[in-house]
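Engineer: here are the coordinates; sequence isn't available:
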């Protein structure tokens, strides 16, 4: 039987409080973040950024919350608004663990009953797999089953190692027959941030759609005849494994003589490295590292993209907030390609809405927050992708309250509504 995923984390979040806040007044904003320095907080929303007038979801430790209670009355309702989303985060995590345990137990039961390799493959390729979150080993097992079932359409290669030495697999998806590197290609990735569990199944679902519907779905058939797909489903495997003992872990597993501190891989890229929206403090959730591409994971991605001139676009999947983000992130100004990036985003937006009615916002990343060294900017500035260089922030919405704790029941609809994102990306790289 496959072990149940993440049901007894070692790091407790007992007494941790998640507060939604909006600070409208500039002086109040400065005062609040002088009392609570940004680098000391776990900002859930806006990819870890803080913004005046913006709505922010922030996790407070019990000690920080106690301090918060003593200072919140310093701010009038005209200066700041505060709403407690979760008085005890551990309760939410315990509920998540029970849901995952039940879903995983059902999958394990069916897996134990299979008697042939064909039955095992059929189970993995069914929707049953997508009713729960899975350990890293099972993510890889799913992908291996895809390769067994469609050996003439998908293969994998190791593009590097993580900080702790795990393989970084890129999956190559193409029309039946030999892989044709002369075709244009789309690069997609997920799990750059360890706690964003919804991201790998979204990419895996879309890969399955391409493989299983080629030849029967005309749009998919036409797109795969014109373009290839490269998918890195676990950018940060070390951090993902670590979330079994610390559910809220975001960064990679970089450590030094001072101990484990991790680096935010989505602040470690060259484009704008070291600028606003990233931190030089190791304690920070947005710690950028010692230099651009200092981390083996980001360096491996950069080397891979530099070595594959067939790749013409990229999509980076994250959670949460239901957003479609385009360059720039590092600057509040519009990029030279603003018009086409916005057009592609609008098509992705319409495709998402057509499935379950969800309205993802299509905006420049810097319209939400300024952040430097992020992958969206890297795709455009360093790799020259002229049409597709987007970040997708998945469910829940910005005001969904659950944050990174998305119930297993939401996996399949989130996957379904993001297939059009992948198809739109393939469409534009093939033009």
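Structural biologist: On my side now, so go ahead. Please read these numbers as outputs of a predicted model, since none were measured by experiment.
Engineer: give me the low-pLDDT residue ranges for this protein?
Structural biologist: Scanning the chain for pLDDT under 70 picks out the ranges 1-9.
Engineer: can you give me the helices for it?
Structural biologist: Ranges of helices within the chain are 26-35, 62-71, 89-113, 117-124, 136-149, 199-213, 218-226, 237-242, 296-306, 338-356, 365-368, 375-381, 411-429, based on DSSP state H.
Engineer: Return the most buried member of the ones you listed.
Structural biologist: Highest mean neighbour count of the helices of the chain: helix 375-381, a mean of 26 (counted as mean count of other CB atoms under 10 Å). Glycine gets a C-beta too; all of them are placed from N, C-alpha and C.
Engineer: what's that helix in contact with?
Structural biologist: If you take CB atoms under 8 Å, 6 or more residues apart in numbering as the criterion, helix 375-381 is touched by 189, 192, 265-266, 269-272, 301-302, 313-314, 316, 325-330, 335, 337, 341, 365, 385-386, 388-391.
Engineer: Pull out the buried members of those.
Structural biologist: Buried members of these, scored by 16 or more other CB atoms under 10 Å, are 189, 192, 265-266, 269-272, 301-302, 313-314, 316, 325-330, 335, 337, 341, 365, 385, 388-391.
Engineer: that older thread, nearest to residue 41 among the helices of the chain would be which one?
Structural biologist: For the helices of the chain, proximity to residue 41 was assessed by CB to CB; helix 62-71 is nearest, at 7.5 Å.
Engineer: Against which helices or strands is the closest one packed?
Structural biologist: Packed against helix 62-71 by the contact rule (3 or more CB pairs under 8 Å, 6 or more residues apart in numbering; DSSP states H and E) you find strand 17-23.
Engineer: Partner strands of the strand it packs on, with direction?
Structural biologist: strand 55-60 (antiparallel), strand 80-86 (antiparallel) (DSSP bridges).
Engineer: which parts of it are buried?
Structural biologist: Neighbour-count burial for strand 17-23 flags 17-21, 23 (criterion: 16+ other CB under 10 Å).
Engineer: Pairing partners for the residue nearest to the spatial centre of the chain in the sheet, please.
Structural biologist: Closest residue to the average C-alpha location of the chain: residue 318 at 2.2 Å, with CA atoms, centre = their mean. Taking DSSP bridges as the rule, residue 318 bridges to residue 393.
Engineer: That one is in contact with residue 393, isn't it?
Structural biologist: Yes - contact between residue 318 and residue 393 holds when scored by CB atoms under 8 Å: they sit 5.2 Å apart.
Engineer: ok, residue 181 to residue 371 distance?
Structural biologist: Separation of residue 181 from residue 371 (CB to CB, to the nearest Å): 33 Å.
Engineer: which one of these two has more residues nearby?
Structural biologist: Under the neighbour definition other CB atoms under 10 Å, residue 181 and residue 371 were set side by side, and residue 371 has more, 28 against 12.
Engineer: which residue packs closest to the more buried one, ignoring adjacent ones?
Structural biologist: Closest residue in space to residue 371, ignoring its immediate chain neighbours: residue 277 at 3.3 Å, by CB to CB, 6 or more residues apart in numbering.
Engineer: Count the neighbours of residue 336 for me.
Structural biologist: Neighbour count of residue 336, defined by other CB under 10 Å: 11.
Engineer: If you could redo that for residue 74, that was the one I meant.
Structural biologist: The number of residues packed around residue 74, counting by other CB under 10 Å, is 12.
Engineer: Out of the strands paired with strand 17-23, which one sits most buried?
Structural biologist: Of all those, strand 55-60 carries the top mean neighbour count, a mean of 21, counting by mean count of other CB under 10 Å.
Engineer: Against residue 247, how distant is residue 239?
Structural biologist: Counting by CB to CB, the gap from residue 239 to residue 247 is 11 Å.
Engineer: residues shared between the contacts of these two?
Structural biologist: residue 195.
Engineer: circling back to that earlier point, how far away is the residue nearest to the centre of the chain from residue 102?
Structural biologist: 27 Å.
Engineer: what does stretch 204-219 contact?
Structural biologist: By CB under 8 Å, 6+ apart, the surrounding residues in contact with stretch 204-219 are 125, 130, 139, 142-143, 146, 149-150, 153-154, 171, 173, 175-176, 188, 220-221, 224, 229, 231, 233, 412, 415-416, 418-419, 421-423.
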